[in-house]
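> here is a sequence together with a model predicted from it:
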Amino acid sequence: MSNPLVQAFFVGRAVAEVINERVEVALTDALSELGKFDAEAKEQLRQFTEEVMARANRAAESSATGKTTNSSSGADSLDLQAEIDELRAEIALLRSELQKYRHAAK
């Protein structure tokens with residue numbers, strides 16, 4: 001390469017190619033991180049929603065049975081067999097009320 005103009009052209013072209021490749025890698029890495037952040041945010045939102053719904057369902061169930069449970073102590077202090085017996089009694093009561101309603105509607 002005796003002609004400095006031709007040499008400057010090829011050097012400029014090589015510089016442009018290297019810059020283009022590095023920008024491409026940087027952009028790909030940035031988009032990858034953004035995608036990973038988005039996926040993690042969605043997963044955290046899903047977990048948050050599940051936890052909120054689970055707590056709401058537990059609160060609704062405990063209010064339906066007339067009991068309040070402390071979230072820190074949980075269901076450890078409740079007697080499982082007593083809880084089952086109470087639920088069975090409530091089901092029997094609801095069945096009898098439903099039968100009365102059906103007979104009254106006829």
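Sure, I can see it.

> and for stretch 88-101, what's in contact with it?
The contact list for stretch 88-101 (CB atoms under 8 Å, 6 or more residues apart in numbering) reads 64-65. From N, CA and C alone the C-beta is placed, and that goes for glycine too.

> apply 7 Å and report the result again.
Residues from elsewhere that reach stretch 88-101, judged by CB atoms under 7 Å, 6 or more residues apart in numbering: none at all.

> next SSE after the strand or helix carrying Arg58?
Using DSSP states H and E, Arg58 falls within helix 4-64. Later in the chain than helix 4-64, the nearest helix or strand by DSSP H and E is helix 80-105.

> what residues of that next one count as buried?
For helix 80-105, a neighbour-count test (16 or more other CB atoms under 10 Å) marks nothing as buried.

> how distant is it from the center of its chain?
Taking CA atoms, centre = their mean, to the nearest Å, the mean C-alpha location of helix 80-105 is offset from the chain mean by 36 Å.

> mean confidence for that helix?
Helix 80-105 shows an average pLDDT of 86 in the prediction.

> that one versus helix 4-64: what angle between them?
80 degrees (axes from the mean of the first three to the mean of the last three CA atoms, to 10 degrees).

> sorry, back to before: rounded mean pLDDT for the helix holding Arg58, please.
Computed over helix 4-64, the mean pLDDT rounds to 92.
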